[in-house]
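>>> this one's structure only:
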């Protein structure tokens, strides 16, 4: 009955770093589908979401992706992102759910009118919690990585949220080995982070290896921007206006991370291909989220957002 | 040498773990400039010199306020020689569970100790947990050497204590000052008597090769993929070993067997696959296989009773007679225990499950030898278990499966009578599920 394989196997087989990360993430995605009734994948259109989507295709092949994609649309995303989102959902054959906090938009919520903190709280956090409730989703898969920010470095792979969608970092469950505890009490939901152990460079190397399409905003080209301090702001929304002394300039730049156009600055860059982006990152001395205005509102601002229910 | 090293830190509160890690990341230029700026600003607010290195890893507000680490922080960095995943774990006794979380996937543990205090209760506990979790390489980082005038005698004394405590493991002791950077990335001039490599160099060069692929094949089934009538694929991640098309596999615990017809991946079919790949297998016979079953060539134990070392991580004690959920590979079932444990206690106990479990000893296979106990009322991951040996099904059948006398004796000594208690518990109670 037994077929000993040890003798026929080469002395040492090893999965390289990216393939090991891939195998781990696929394992996590399959656990979610096996353990939860109504999972959903948060699709934010960025590079991390693009990698997650590819991993989801791989995890269930030859079956289709067994959960819908959810995009929480603040209506202030870059136009190229929305176009890319719609094309990608079609190409992958996944069901796309788009949710917007319409009442807040109707009331004129935008970052310069109400402040970035309140704007995020309404259009991202509240909208996300409403969308999860509307879809009755018990598990939400997100693309956050532990290397992004120091409170995210503390996040579990299966991370429990209470009935209000909130995170209690002091009560996190121990998560040993690769054993993911999916047990929930009534009202609780779970956030799942299959890319927990990936770094920004891993993500780009994987995109290169797998030839995964990404939003063209990541690649450097000449763009018209407002230069404000060290930030380069793309003028897409009518409320983003020049201040006295500012005139839009043509700058060769790209986005290092994607968010809402008024709050996401571009960086000066010549990196117009994935390998050039990787070279740039290796040489980079600034961390990725620095250009996100929203993380710097106050000390520990990401942790506060996460506690309230943000990803 | 492996390109990736997983490290965890351990040690008592205030021994300076976060400071050491922050110092190493900073000196190895593994923190970004804007993080240095924000930490400088925060350090200035707290009046702790130019840079409080612990702020690089203490990511939670409560941690920065209290100046302690509560939860494990994962950091990712690379040098020219190696990539690292570092789990910076708390020293505070209340958060021992988070230390165990960090240690469960580590290749190397950095055990930090304050040169002024030597071995403390918590250092001993952490050393013991790290050993139980199978860590074989330890850095004994003897910190705050500046406060004992870089005394060689102090260093030698603490090192000897640790080596005794960590018998059987490989230990590398280093005299350090995390605050001043002695022997962190460069050899210190203040310890001329120390001849070993400094911390970072040791981590870059230590050999921790664990060859999963030469072990017996183990494949816990995660999901059955059935996109259409003509396809039935068993999806999972290979825990150990290799598999080839044409191999005859046994389905555990049913004992039926079939041949592998395809190894399916999105990137195309494979002829051979090995740990830790995630794949889907198809078989030549229609067997009843579902999530939680194990595919293997031969050899695992299957049974409803086994012996395990358990670390208890919940404020609510582990109780005799209560039912717990036990998650092992992809199978979750109901279990009860031979005797109780309280928070942070470690014990060798007998576990009985309602349905058969297919397992190996933890020393042979970390995946098929480990499990967690979940409190069904709270959902909390309350216990972490490492299987040491199977136990015969019941007292009456013990004679049919003789255990060598010496081994049996050792087992009994460690278990302190828990066996009887378990039998009573099983026999005397009506089950809920």
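Sure thing, it's come through. Keep in mind that this is a model prediction, so the values were computed, not measured. Numbering: from 1, shown residues only, chains lettered A, B, ... in the order given.

>>> for the stretch 151-300 of chain A, what spans make up the helices?
A:200-210, A:274-283 (DSSP state H, counting those that start in this stretch).

>>> same check, this time on chain B
B:17-27, B:33-46, B:61-66, B:96-103, B:121-132, B:152-165, B:199-205, B:405-415, B:418-428 (DSSP state H).

>>> now the stretch 1-150 of chain A
Counting by DSSP H, counting those that start in this stretch, the stretch 1-150 of chain A has helices at residues A:17-35, A:47-60, A:79-92, A:102-106, A:111-114, A:116-120, A:127-134.

>>> Buried residues, the longest one. List them.
For helix A:17-35, the neighbour count (16 or more other Cβ atoms under 10 Å in any protein chain shown) marks A:18, A:20-35 as buried. For the C-beta atoms, the positions are set from N, CA and C on the backbone; glycine is no exception.

>>> out of those residues, which touch chain B?
Among the buried residues of helix A:17-35, proximity to chain B is found for A:20, A:22-24, A:26-27, A:30-31, A:33-34 (Cβ under 8 Å from any Cβ of the partner chain).

>>> so where is chain A shaky, pLDDT-wise?
A:1-12, A:285-302, A:304-311 (pLDDT under 70).

>>> Spell out which residues of the stretch 51-200 of chain A are next to chain B.
A:57-64, A:146-147, A:149-154, A:160, A:169-170, A:172-179, A:181, A:183-185, A:188, A:196-197, A:199.

>>> Just the ones in strands from the residues you listed, please.
Among those, the ones falling in strands (DSSP state E) are residue A:160.

>>> List buried members of the residues of the stretch 51-200 of chain A next to chain B by neighbour count.
Buried among those (16+ other Cβ under 10 Å): A:58-61, A:63, A:146-147, A:149-154, A:160, A:169, A:172-179, A:181, A:183-184, A:196-197, A:199.

>>> Next, count neighbours for residue B:77.
Using other Cβ atoms under 10 Å in any protein chain shown, residue B:77 has 18 other residues around it.

>>> Please name the bridge partners of it.
Beta-bridge partners of residue B:77, counted by DSSP bridges, are residue B:84.

>>> Nearest the geometric middle of chain A, what residue?
residue A:143 (4.1 Å; Cα atoms, centre = their mean).

>>> Just give the number of residues close to the nearest residue to it once chain neighbours are set aside.
Spatially, and ignoring its direct neighbours in sequence, residue A:143 is nearest to residue A:48 (3.4 Å; Cβ to Cβ, 6 or more residues apart in numbering or on different chains). Residue A:48: 23 surrounding residues under other Cβ under 10 Å.

>>> any idea how far residue A:263 is from residue A:48?
Residue A:48 sits 18 Å away from residue A:263, taking Cβ to Cβ, to the nearest Å as the criterion.

>>> burial of residue B:3, as a residue count?
12.

>>> cool, and the one 3 residues further on?
Look at residue B:6: counted by other Cβ under 10 Å, it has 21 neighbours.

>>> Okay, and the beta partners of it?
Beta-bridge partners of residue B:6, as defined by DSSP bridges: residue B:85.

>>> Mind splitting chain B into its structural domains?
As given by automatic domain parsing, the domain ranges for chain B are B:4-205, B:212-296, B:301-428.

>>> now those domains in JSON lines, with mean pLDDT?
Output for the domains of chain B, formatted as JSON lines (pLDDT from 0 to 100):
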{"stretch": "domain B:4-205", "mean pLDDT": "82"}
{"stretch": "domain B:212-296", "mean pLDDT": "95"}
{"stretch": "domain B:301-428", "mean pLDDT": "77"}
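
>>> Of these, which is nearest residue A:53?
domain B:212-296 (12.0 Å; Cβ to Cβ).

>>> Show the end-to-end separation of the closest one, please.
14 Å (Cα to Cα, to the nearest Å).

>>> gap between residue A:166 and residue B:3?
39 Å.

>>> could the domains of chain B go into JSON lines alongside distance to residue A:85?
Formatted as JSON lines, these follow (distance: least, Cβ to Cβ, whole Å):
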{"stretch": "domain B:4-205", "distance to residue A:85": "28"}
{"stretch": "domain B:212-296", "distance to residue A:85": "22"}
{"stretch": "domain B:301-428", "distance to residue A:85": "33"}
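
>>> so which of the ones you listed gets nearest residue A:239?
domain B:4-205 (27.2 Å).

>>> Figure out how far the closest one is from the centre of its chain.
18 Å (Cα atoms, centre = their mean, to the nearest Å).

>>> Endpoints of that domain, how far apart?
One end of domain B:4-205 to the other measures 11 Å (Cα to Cα).

>>> swap in stretch B:314-326?
Stretch B:314-326 end-to-end distance (Cα to Cα) = 15 Å.

>>> before we move on, what about stretch A:108-116?
Stretch A:108-116: ends 13 Å apart by Cα to Cα.

>>> ok, residues contacting it?
Residues outside stretch A:108-116 that contact it (Cβ atoms under 8 Å, 6 or more residues apart in numbering or on different chains): A:76, A:101, A:118-119, A:122-123, A:237, A:239-240, A:260, A:262-263, A:293-294, A:297.

>>> could you flag which of those are buried?
Going by neighbour count (16+ other Cβ under 10 Å), the contacts of stretch A:108-116 have A:76, A:101, A:119, A:122-123, A:237, A:240, A:260, A:262-263, A:293-294 buried.

>>> Parallel or antiparallel, list what pairs with the lengthiest strand in chain B.
Across chain B, the longest stretch assigned as strand under DSSP E is strand B:346-359. Strand partners for strand B:346-359, identified by DSSP bridges, are recorded as strand B:301-312 (antiparallel), strand B:331-337 (antiparallel).

>>> Reformat the ones you listed as JSON lines; add distance to residue B:266.
Converted to JSON lines, the strands paired with strand B:346-359 look like this (distance: least, Cβ to Cβ, whole Å):
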{"stretch": "strand B:301-312", "distance to residue B:266": "32"}
{"stretch": "strand B:331-337", "distance to residue B:266": "26"}
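
>>> out of those, nearest to residue A:218?
It is, among the strands paired with strand B:346-359 and with distance given as Cβ to Cβ, strand B:331-337, at 41.0 Å.

>>> so how far is the closest one off the chain centroid?
Relative to its chain's centre, strand B:331-337 lies at 20 Å (Cα atoms, centre = their mean).

>>> Can you give the contact residues for that strand?
The contact list for strand B:331-337 (Cβ under 8 Å, 6+ apart) reads B:220, B:291-293, B:310, B:318, B:320-326, B:349-355, B:357-358, B:373-374, B:422, B:425-426, B:431, B:433.
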